[in-house]
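> sequence below, structure please.
(one chain, ligands or ions: 1)
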Amino acid sequence: CFFSRLSDNISLNGKRHCSNLEQSYVMPNGVNLIVKQGDLTKFEGDCIVNAANEVMLGGGGVDGAIHRAAGPQLREFCLQHVAASSSGVRCRTGEAKITPGFNLKASYIIHTVGPIFGNVQSPHLLLTSCYKNSLNLAEEQNGKIKTIAFPAISCGVYGYPKEAAMEIALDTCAQHKKRFLTHISFVLFGSDIYAISVNLQIAPARLS
Ligand code: ADP
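Numbering: from 1, shown residues only. Next up, the predicted model:
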């Protein structure tokens, strides 16, 4: 792997309990990358990223889990403080919006909307924008966000092929120009997507 490995305490054959599955790397940009299996809503850091939909009032999958864990204040905040277009869109595909974390351990939630695979042209560009815009919005909080955790955006009901999606995710994080962020985590729900992610070889050419 292109990354230098800090810890290698996992068994991909599944001997350990899922919640202990974790790998960390230092990326060439100096940011620590942590890939772990678990529940994103339990993340104890500054910010989690939500794989939201364009209406931004809650939905299924990780979005529903985040709204349940954050509490009803999250939906109320989005209704009151995030402007909607005439068609009810608060966050267009590829863009990102920030809200407080309310009842979460994380102080902030960055909501981004991944592409629905097969429904849009250039899904890879839109998925790249999700990660780029989320990281940049985190850096714009003037140091309040140093640690951030992502789910596998678009890899659930939005149907993005998992390996291709995680390659985009990891490459975009590796190319990020760090200001305040020290740690980027991927908190992945399933053992399949976790194994795909830790096995991914990041092509050096993409990091230059
Ligand atoms: P999308 O609509 O962007 O595809 P989904 O929520 O359907 O979003 O799925 C995105 C990914 O989040 C999937 O890999 C799914 O298994 C995962 N996921 C669902 N719930 C959680 C959770 N609580 N923590 C972390 N990941 C989750």
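
> where does pLDDT dip in this structure?
Within the chain, the stretches falling below the threshold (pLDDT under 70) are 1-20, 201-208.

> quick one: the helices in it?
With DSSP state H as the definition, the chain shows helices at residue ranges 61-70, 73-81, 123-139, 162-175, 191-199, 204-207.

> for the ligand, find the nearest of these.
Nearest of the helices of the chain to the ligand, taken as CB to the nearest ligand atom: helix 61-70 at 2.2 Å. Where you see a C-beta, it was placed from the backbone N, CA and C, and this is true even at glycine.

> residues making contact with that closest one?
39-41, 48, 50-53, 58, 74-75, 101-104, 109, 151, 156-157, 189 (CB atoms under 8 Å, 6 or more residues apart in numbering).

> PyMOL command for the buried members of the residues you listed?
Typed into PyMOL, the next command selects the buried ones out of the contacts of helix 61-70 (criterion: 16 or more other CB atoms under 10 Å):
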select buried, resi 40+41+48+50+51+52+53+58+74+75+101+102+104+109+151+156+189
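
> which residues touch Ile168?
Here Ile168 is in contact with 124, 127-128, 131 (CB under 8 Å, 6+ apart).

> most neighbours of all these, which one?
Of all the contacts of Ile168, Leu127 has the most neighbours under the rule other CB atoms under 10 Å, reaching 27 neighbours.

> so for that residue, what's the nearest residue that isn't a sequence neighbour?
Ile168 (5.0 Å; CB to CB, 6 or more residues apart in numbering).

> on that earlier part again, any chance of the helices of the chain in JSON lines, with distance to the ligand too?
Below are the helices of the chain laid out as JSON lines (distance: least, CB to the nearest ligand atom, whole Å):
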{"stretch": "helix 61-70", "distance to the ligand": "2"}
{"stretch": "helix 73-81", "distance to the ligand": "15"}
{"stretch": "helix 123-139", "distance to the ligand": "9"}
{"stretch": "helix 162-175", "distance to the ligand": "7"}
{"stretch": "helix 191-199", "distance to the ligand": "5"}
{"stretch": "helix 204-207", "distance to the ligand": "22"}
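
> with distance to Arg92 added, can I get these in TSV?
TSV is the format used below for the helices of the chain (distance: least, CB to CB, whole Å):
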stretch	distance to Arg92
helix 61-70	16
helix 73-81	15
helix 123-139	10
helix 162-175	18
helix 191-199	25
helix 204-207	26
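
> may I have the beta-bridge partners of the spatially most central residue of the chain?
For the chain, the residue nearest the mean C-alpha position is Phe150 (2.0 Å; CA atoms, centre = their mean). With DSSP bridges as the criterion, the beta-bridge partners of Phe150 are Phe186.

> my guess is it meets Leu135, correct?
No: between Phe150 and Leu135 there is no contact, the gap being 9.2 Å when judged by CB atoms under 8 Å.

> list residues touching both of these two?
With contacts taken as CB under 8 Å, 6+ apart, the residues that reach both Phe150 and Leu135 are Ile184.

> please verify my assumption that Arg179 contacts Glu139.
Yes: in this structure, Arg179 is within contact of Glu139 by CB under 8 Å, at 4.5 Å.
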